[in-house]
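Asker: give me coordinates for this.
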Amino acid sequence: MQHLMRKTYKSKLGTLYILVLCFLLIPLLSMLYEGVLAGVFIAAAVILFLIYLYFATSYIIDGDKLIIKIGFLGTRVIPVMSITSIESTGSLLGAPAFSINGRLQVNAKGNTVVISPKRPGAFCADLQEINPDIVIPLTIDRSCCE
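Answerer: Numbering: from 1, shown residues only. Just a heads-up that it's a prediction; the model follows:
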């Protein structure tokens, strides 16, 4: 059966990520005040890069593929039919995710990735529509899907 669905989910933005960006503003402002222009450019570049990564990260369900885009850092394609389960996780490792809350571990045959879509329930429901065999525990918030 051919699925022609194409939906894009942006990454959820967490409080910790915002706090890190705000924390990086402190040395930026200090170096700006002290007139250390090289430091200002470096700090500003890091802040802009982190902001860019957030806006350039998306999770796209395109037909029978899950496409994870992380700006110019890369794109990962996972066949939806190879996904075996999706579960909530608190893992901070190897994740194109910008929130601690609502992180999902997508387990596929030979592939695991941690993501944080803004609407995890709808995201999971869309994947399950394509592959009904995906195991998804009830702990994932599906209130947006009812």
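Asker: from the middle of its chain, how far away would stretch 97-106 be?
Answerer: The gap between where stretch 97-106 is centred and where its chain is centred comes out at 7 Å by Cα atoms, centre = their mean, to the nearest Å.
Asker: could you pull out the strands for this structure?
Answerer: 6-10, 57-62, 65-70, 75-79, 83-88, 104-108, 111-115 (DSSP state E).
Asker: can I get the ones you listed in TSV with mean neighbour count, mean pLDDT and distance to D133?
Answerer: Just so you know, the C-beta spots here come from the backbone N, C-alpha and C atoms, and that holds for glycine as well. Below are the strands of the chain laid out as TSV (neighbours: other Cβ atoms under 10 Å; pLDDT from 0 to 100; distance: least, Cβ to Cβ, whole Å):
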stretch	mean neighbour count	mean pLDDT	distance to D133
strand 6-10	14	95	20
strand 57-62	19	96	16
strand 65-70	18	95	15
strand 75-79	15	95	13
strand 83-88	17	94	8
strand 104-108	20	93	12
strand 111-115	18	90	16
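Asker: so which of those is nearest A38?
Answerer: A38 sits nearest to strand 65-70 of all these, at 28.1 Å, using Cβ to Cβ.
Asker: could you check the angle strand 111-115 makes with the closest one?
Answerer: 60 degrees (axes from the mean of the first three to the mean of the last three Cα atoms, to 10 degrees).
Asker: distance of the most centrally placed residue in the chain from K65?
Answerer: Residue closest to the average C-alpha location in the chain (Cα atoms, centre = their mean): A97, at 3.3 Å. Separation of A97 from K65 (Cβ to Cβ, to the nearest Å): 19 Å.
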